[in-house]
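1. sequence first, predicted coordinates after that:
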Amino acid sequence: MKTTIIKFITFLAVGLSGMIIDFSITFICKEKLRLNKYIANSLGFSIAAVSNFLLNRHYTFNSNNPDISSEFYWFMGISIISLFIYNGIVWIGVNKMNINFYLSKVMGIFVITFWNFFAHLLITFQTP
């Protein structure tokens, strides 16, 4: 249990770096390049997901699995599910609750954090 708590704290730190990447890319794409907010959101999320894979693989889950491509496949598959949940929460926040776009993103991140951690712990980086 203690190891899981330490992993979760490390996962949160990695997630914070991913959130900075996500918000930065989203802001540039949405505000500066004037892309659709959901496309901008998806781009920011996707770039952050690749960074999070590398950092979580090394720091959070200390994976030594030589099959990196399989781990990446599972990580991105789980991330795609997360992206649908994330965009859904952002859409509800913006369109149904009249909440600021970026505040809706924070709400989405809060929800998917727990899903992501346990999915990656139990599927992506499971120890044999």
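-> Looks like it came in fine. Keep in mind that what you see is a predicted model, and the values were worked out from it rather than measured. Numbers count the residues shown, from 1 in each chain.

2. which residues in the chain form strands?
-> With DSSP state E as the definition, the chain shows no strands.

3. closest to the centroid, which residue in it?
-> With distances taken as CA atoms, centre = their mean, A49 lies nearest the centre of the chain, 5.3 Å away.

4. OK, contacts around that one?
-> G18, F75, M76, S79, S82, L83 (CB atoms under 8 Å, 6 or more residues apart in numbering). All C-beta atoms are positioned from the backbone trio N, CA, C, and that covers glycine.

5. which of the residues you listed fall within helices?
-> If you go by DSSP state H, the contacts of A49 have G18, F75, M76, S79, S82, L83 in helices.

6. is it true that the first one touches N52?
-> Yes. Taking contacts as CB atoms under 8 Å, G18 lies within contact range of N52: 4.3 Å.

7. just give the nearest non-adjacent residue to N87, would you?
-> Y38 (5.7 Å; CB to CB, 6 or more residues apart in numbering).

8. tell me the pLDDT of that neighbour.
-> Y38 is assigned 90 on the pLDDT scale.

9. for it, give its distance to S104.
-> 11 Å (CB to CB, to the nearest Å).

10. what sits in contact with each of the two?
-> V90.

11. who's more crowded, those two?
-> S104 (23 against 14; other CB atoms under 10 Å).

12. check contacts around that one.
-> S104 neighbours (CB under 8 Å, 6+ apart): I89, V90, I92, G93, V94, M97.

13. hang on, the second one packs against Y102?
-> Translated: V90. No. Contact criterion CB under 8 Å: V90 and Y102 do not qualify, at 9.4 Å.

14. more neighbours: which of those two?
-> Neighbour count, other CB under 10 Å: between V90 and Y102, V90 has more, with 24 against 14.

15. now do the contacts for that one.
-> Here V90 is in contact with K37, Y38, N41, F101, S104, K105, M107, G108 (CB under 8 Å, 6+ apart).
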